[in-house]
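Asks: make a model of this:
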Amino acid sequence: MAIPTLTTGDVVRWRGSLHVIAGIQSGNAALCLVLPTRTVRHRADIQIEFPDTLHLGLVDGALIRCKPFVFHNAGKLTKDGALSPALLCRVYGAIGREMDARRVEAGCPKYLVR
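Replies: Numbers count the residues shown, from 1 in each chain. Have a look, this model is predicted:
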C-alpha cells in the first residue's frame, strides 16, 4: 500500500489532535494547531467557516491557531483531510500578520545603526 504524500494545506493528526500543514520541505513540516470552539482566542486565530468544518468533520466555529511550529519528521503524520484553497489563503494571511506583529514587538535589532 502506497504512503499518501503530504502537501501544504493537508490536515494531519498528531498526538490525538488535528494540525494544518502550513509548509513542508525536506521531511520537515510547519504545523498550525486546530482548536475546538471553547478556547481563549489568540490574535493569530482564524475561525473555520461552516462548509470547511463540515468537510473536515469538525464542530462549527473551530479555530486554526496560525502560529506555526516545526515538526521534524513529517513521515510520522497521518493525513486526515485537506483545507479548501480559500481557507488556506486565510491561513497564510494570518501567519503573515502574526510574523509582522512579532517583528514589531521584538523592536529594532541593537546592531542596526539609526
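
Asks: quick check: longest helix of the chain.
Replies: When the chain is parsed with DSSP state H, its longest helix is helix 85-106.

Asks: can you give me the buried ones in that helix?
Replies: 87-88, 90-91, 94-95, 98 (16 or more other CB atoms under 10 Å). For every residue, glycine as well, the C-beta is placed using N, CA and C.

Asks: could you dump those residues into JSON lines with distance to residue 107 and pLDDT added?
Replies: Below are those laid out as JSON lines (distance: CB to CB, whole Å; pLDDT from 0 to 100):
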{"residue": "87", "distance to residue 107": "33", "pLDDT": "93"}
{"residue": "88", "distance to residue 107": "31", "pLDDT": "94"}
{"residue": "90", "distance to residue 107": "28", "pLDDT": "94"}
{"residue": "91", "distance to residue 107": "27", "pLDDT": "95"}
{"residue": "94", "distance to residue 107": "22", "pLDDT": "95"}
{"residue": "95", "distance to residue 107": "21", "pLDDT": "95"}
{"residue": "98", "distance to residue 107": "17", "pLDDT": "93"}
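
Asks: for residue 51, state which of these is nearest.
Replies: residue 87 (9.1 Å; CB to CB).

Asks: what about that closest one, distance to residue 14?
Replies: 19 Å (CB to CB, to the nearest Å).
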